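> one predicted model, sequence on top.
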Amino acid sequence: MRLLIFGATGETGQHLVRLSLSQGHRVTAFVRDPTRIAPAGQQLEIAVGDVMQPTSVEAALSVHDAVLCALGTMPAGKADRLRRQPNVPVCSVGTKNILQAMSSHGCSRIVVESSTSVGDSRLTGGLGAAAVVRSLLKAVMEDKELQEAEIRASTTDWTIIRPVRLTNKPASGNVQSGERLSWGLLSSISRADTAAFMLSSVNDPDTFRKSLTIKS
């Protein structure tokens, strides 16, 4: 498949790029800074742009079969601190621009990384977990709520993936998923497992138009 990955230099996005290439897909990595992604042969193309600018998203989206979106405002790595964009609605505005470009180009499949404590996953968090997360990350969660609303209102074949607390552990291959999956503050999943689940969902019609919580 021809895949376009947004958030490709983020920690989940990097896993998505590597895993997609290892499975033989042709990948376009959409990035603001091309120096942050290493060349990886003819199967990888780099599209330089800003997801907050509709024209650069539009230019990147042609001739792709599916979109994987791992946008975020709070990069976790210490080296990424200067790239953090608190209070900038990257997820909601960026996703709106992506969906508009997808409509223009007739691309219908998108898989998006969101978060637990967003949408109806607030109801499945144990012992007030969602309230704690939303208190600590208020602006981030509000942005993701708007992002999910844009996705659900679209005509795309969307899948929303809501990982619990993300870690940098190796992939375990042990992923539980469900629309009503219970979770708590101690629940976790690796970014590698999250990327693998997102990629496996692309061709899985059972995930279409569903919001899935995932944990290990």
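Alright, I've got the coordinates.
> contacts and neighbour counts: CA atoms only from here.
Noted.
> show me what counts as buried in whichever strand or helix holds Q147.
When elements are assigned from DSSP states H and E, Q147 belongs to helix 138-153. Within helix 138-153, the residues that qualify as buried by neighbour count (16 or more other Cα atoms under 10 Å) are 139-148, 150-152.
> need those in a markdown table (columns: pLDDT and distance to E11).
Putting the buried residues of helix 138-153 into a markdown table (pLDDT from 0 to 100; distance: Cα to Cα, whole Å) gives the following:
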| residue | pLDDT | distance to E11 |
| --- | --- | --- |
| A139 | 91 | 20 |
| V140 | 92 | 17 |
| M141 | 94 | 18 |
| E142 | 95 | 21 |
| D143 | 95 | 19 |
| K144 | 96 | 18 |
| E145 | 97 | 21 |
| L146 | 97 | 22 |
| Q147 | 98 | 19 |
| E148 | 98 | 21 |
| E150 | 98 | 24 |
| I151 | 98 | 22 |
| R152 | 98 | 25 |
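> so what's the residue count around K210?
The burial metric for K210, expressed as a neighbour count using other Cα atoms under 10 Å, is 16.
> what's in contact with whichever helix or strand S135 is part of?
S135 belongs to helix 129-136 when elements are defined using DSSP H and E. Contacts of helix 129-136 with the rest of the structure, by Cα atoms under 8 Å, 6 or more residues apart in numbering, involve 116-117, 121-123, 141, 184-185.
> farthest-separated two in those?
Using Cα to Cα, the contacts of helix 129-136 span at most 16.4 Å, a distance reached by M141 and G184.
> can you give me phi and psi for the nearest residue to I37 once chain neighbours are set aside?
On the basis of Cα to Cα, 6 or more residues apart in numbering, the spatially nearest residue to I37 that is not a chain neighbour turns out to be T9, at 6.5 Å. Listed backbone geometry of T9 is phi -100, psi 0, with angles given as degrees, to the nearest 10.
> T9 reaches R36, doesn't it?
Yes. Taking contact to mean Cα atoms under 8 Å, the distance of 6.5 Å between T9 and R36 places them in contact.
> could you check which of those two is surrounded by more residues?
For T9 versus R36, neighbours defined as other Cα under 10 Å are more numerous around T9 (25 against 11).
> wait, what's in contact with the more buried one?
Under the criterion of Cα under 8 Å, 6+ apart, the contact list for T9 reads 31, 36-37.
> where does the residue nearest to I37 land on pLDDT?
At T9, the model reports a pLDDT of 93.
> which phi and psi does the residue of the chain most remote from its centre have?
Centroid-distance maximum for the chain: L127 at 26.5 Å, with Cα atoms, centre = their mean. Dihedral angles phi and psi of L127 (degrees, to the nearest 10) take the values phi 50, psi 40.
> re the thing from before, average pLDDT for the helix holding S135?
If you average the per-residue pLDDT over helix 129-136, you get 95.
> could you shift the numbering so residue one becomes 46, and keep it that way?
Got it, first residue is 46 now, which makes that one helix 174-181.
> which residues of the chain fall in helices?
Here the chain has its helices, by DSSP state H, at 56-67, 99-106, 135-150, 174-181, 183-198, 236-246.
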